[in-house]
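[1] Quick check, what structure comes out for this input:
(one chain, ligands or ions: 1)
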Amino acid sequence: MRGKFKLQDFKKRKSENRKICALTAYDFCMAHWLGQTDIDFILVGDSAGMVVFGDENTLSVTVDDIVKFSSAVRKGSPESFIIADMPFLSYQLSSERAVENAGRLIVEGRADAVKIEGGSGVFDKIEAILKAGIAVQGHLGLTPQSVSRFGGYRVQGRSEKDAKIILEDAKKLEDLGVFSIVLEFIPYELAEIVTKSLKIPTVGIGSGSACDGQILVTNDILGLTPSGGPKFARKYADSAQTIIHAVSNFIKDVNSGSYPSEKETVRTDQEKSDGTKK
Ligand code: KIV
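    Sure thing, here's the model as predicted:
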C-alpha cells in the first residue's frame, strides 16, 4: 500500500507526474473497503442524491445529509483524505452561510476539505471559506447542481467562449488558493489546456486522460447503478449479479430449511464461549 495521502500530496503528485485516483463513498462499509486500497482520496459527493436517495439529480441533498455520510465515511476509513461536497444552496446565498456550512462538514462530518461547484459566481464564498482556514477543492465544467441551467447533463466548454470561461475560472480558483479542481465532462482538449495551465492538479470525471487524476462514482465502477451509469464510467465489477445471486441463494436455503443450520443456531443449554452456561 502507498502511504496515506495528505493535502500537500496533491501538488506533489502533479510535480512528480503521478496520477491521483479517487472514488466516492457515502457510508461506513464502503469507506472501510476503499480504505484497504491505494485510493488517494474519498469524496463524500452529493451524487448521494442519485446513488443513495434515488433522485434524478443532486439538488435534494442537505448539509445534514453530507455531515452524516461524511462522519460515517470517516469512521470507516479513519486514515483517508476525505473531501465533503457542499450541497446545493449551502454556499451560494452568503459567505457567512458558506463558512458556517463548510465548518460543519469539517467539524461534525470530520472531512479534511470541502468541494464547491462553480466559478465566478462563487469566488467570494470560496475566498471566505479559505480565509476561515478550510481547504477547498474547486469543481468546473458540468457542475451537476446547475443542471437546470445547462438543460441536462451535457458536455460543457465545447464553444470557444465557454472554454475560455472555464479556463479563466480555473486560473482564478488557483489564485484564490484551492488545492485542486475537479473537471467534469469537458472535452479532452480543454481539460488538457486547463491542466497544463495550472500548478494545482486537475481531477477529471468524463474529461479524458490529460487530467492529473481521475474520479468516478464507486457505485458505477462496481456495477451497482441500475441505469448502468454514464458512458464515461468503466464498470470493473458486476456487483448487481453478485447481490442477486447471494440473495437468491439465501431465499433458497431458507425455503429448503438448510438455513439456519445447527451451527447457526443457539440452544438454551449451550455453553457460552467463556465455558459458562447461559
Ligand atoms: O458528487 C459527486 O460524486 C461528484 C463527482 C465529482 C464524482 O461531485
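[2] In contact with the closest residue to A135 other than its chain neighbours: list those residues for me.
    Leaving aside its sequence neighbours, A135 sits nearest to A113 (C-beta to C-beta, 6 or more residues apart in numbering; 3.8 Å). Heads up, the C-betas are built off the backbone N, CA and C, glycines and all. A113 makes contact with L7, F81, I82, I83, A84, I106, I134, A135, V136, Q137, F179 under the criterion C-beta atoms under 8 Å, 6 or more residues apart in numbering.
[3] most neighbours, which of those residues?
    Within the contacts of A113, A84 tops the neighbour count with 32 neighbours, counted by other C-beta atoms under 10 Å.
[4] Just say helix, strand or coil for that one.
    Classification of A84 using DSSP: H, G, I helix; E, B strand; the rest coil returns strand.
[5] contacts for the helix or strand where L167 lies?
    Element membership for L167 (DSSP states H and E) is helix 160-176. Here helix 160-176 makes contact (C-beta under 8 Å, 6+ apart) with 119-120, 123, 126-127, 130, 138, 140-141, 156-157, 181, 183, 186-187, 190, 193-194, 197-200, 202.
[6] List the buried residues of it.
    Within helix 160-176, the residues scored as buried using 16 or more other C-beta atoms under 10 Å are A163, I165, I166, L167, D169, A170, L173, E174.
[7] swap in stretch 17-26?
    I20, C21, A22, L23, T24, A25, Y26.
[8] Now for the chain, the helix or strand with the poorest mean pLDDT.
    helix 147-150 (a mean of 90; mean pLDDT, DSSP states H and E).
[9] Tell me which residues touch I243, please.
    Contacts of I243 by C-beta under 8 Å, 6+ apart are L224.
[10] how does it look with 10 Å?
    For I243, the contact set (C-beta atoms under 10 Å, 6 or more residues apart in numbering) comprises G223, L224.
[11] Would you agree it falls within a helix?
    Yes - assigned with three-state DSSP, I243 falls within a helix.
[12] picking up where we left off before, which ones among the contacts of helix 160-176 are found in helices?
    Counting by DSSP state H, these place F123, I126, E127, L130, L190, I193, V194, S197 in helices.
[13] And the buried ones among those residues, selectable in PyMOL?
    Of the ones in helices among the contacts of helix 160-176, the buried ones go into a single PyMOL selection, burial set by 16+ other C-beta under 10 Å:
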select buried, resi 123+126+130+190+193+194
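[14] hang on, the earlier thing: for the helix holding L167, give the mean pLDDT please.
    Per-residue pLDDT over helix 160-176 has a mean of 98.
[15] And the residue in the chain that the ligand sits nearest to, how close does it get to V99?
    Across the chain, the shortest distance to the ligand (C-beta to the nearest ligand atom) belongs to G45, at 2.3 Å. Separation of G45 from V99 (C-beta to C-beta, to the nearest Å): 21 Å.
[16] Spell out which parts of the chain neighbour the ligand.
    The chain comes close to the ligand at residues T24, L43, G45, D46, S47, D85, V182, E184, I205, I215, V217, as judged by C-beta under 6 Å from any ligand atom.
[17] partner residues bridging the first one?
    For T24, the residues forming beta bridges with it (DSSP bridges) are L43.
[18] so it sits right up against T58, yeah?
    No - the pair T24 / T58 is not scored as a contact, 11.6 Å apart, by C-beta atoms under 10 Å.
[19] Could you name every residue contacting both of the two?
    Joint contacts of T24 and T58 (C-beta under 10 Å, 6+ apart) are G45, D46, S47, A48, V51, D85.
[20] Which one's more surrounded, G45 and V99?
    G45 (31 against 19).
[21] Spatially nearest residue to the more buried one, not counting backbone neighbours?
    G45 sits nearest to T24 (C-beta to C-beta, 6+ apart), 4.4 Å away.
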